[in-house]
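A.B. asks: any chance you can model this:
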Amino acid sequence: MSQEKVERYKLEKANRKQILKKEKAKATAARIGGIVICVAFIGWIGYSGYTRWQAAQPAKTTEVTVDALTEYMNGLSADAETDADTANTEAAE
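C.D. replies: Below you'll find the model as predicted:
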């Protein structure tokens with residue numbers, strides 16, 4: 001069994017640089033993944049908080065006065081009635 005341990009140690013020693021490189025890559029990938037997850041979580045919390053804050057704000061209302069438009073439309077319909085009456089009178093003659 002000790003010969004087996006010696007062989008394993010020699011194999012590990014021969015590939016030590018590659019093994020360390022793979023371990024560093026795994027650690028870096030884990031850190032980057034953790035950072036991405038944290039950023040996504042923080043962004044989600046911020047978005048949720050902002051939407052709740054917006055929902056709590058009073059609704060913005062705008063009042064529009066259409067009196068001038070109503071008078072204009074009434075004036076047009078009165079002119080149309082006058083024109084129609086004039087046309088009917090001329091047609092009857």
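
A.B. asks: low-scoring stretches of this protein, by residue?
C.D. replies: Along the chain, segments meeting pLDDT under 70 span 1, 79-93.

A.B. asks: what's the offset of the top helix by length along it from the middle of its chain?
C.D. replies: Scanning the chain for the helix with the most residues, using DSSP state H, yields helix 16-56. Its chain's C-alpha centre and that of helix 16-56 lie 20 Å apart, by CA atoms, centre = their mean, to the nearest Å.

A.B. asks: which elements pack onto it?
C.D. replies: Contact partners of helix 16-56 among helices and strands, from 3 or more CB pairs under 8 Å, 6 or more residues apart in numbering; DSSP states H and E: none. For glycine as for every other residue, the C-beta is placed from the backbone atoms N, C-alpha and C.

A.B. asks: domains in the chain, by residue range?
C.D. replies: By the record's domain assignment, the chain is partitioned as 1-58, 62-93 (automatic domain parsing).

A.B. asks: could you measure residue 35 against residue 41, distance?
C.D. replies: 11 Å (CB to CB, to the nearest Å).

A.B. asks: quick one on the thing from earlier: mean neighbour count added to the domains of the chain, as a markdown table?
C.D. replies: Output for those, formatted as a markdown table (neighbours: other CB atoms under 10 Å):
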| stretch | mean neighbour count |
| --- | --- |
| domain 1-58 | 9 |
| domain 62-93 | 9 |
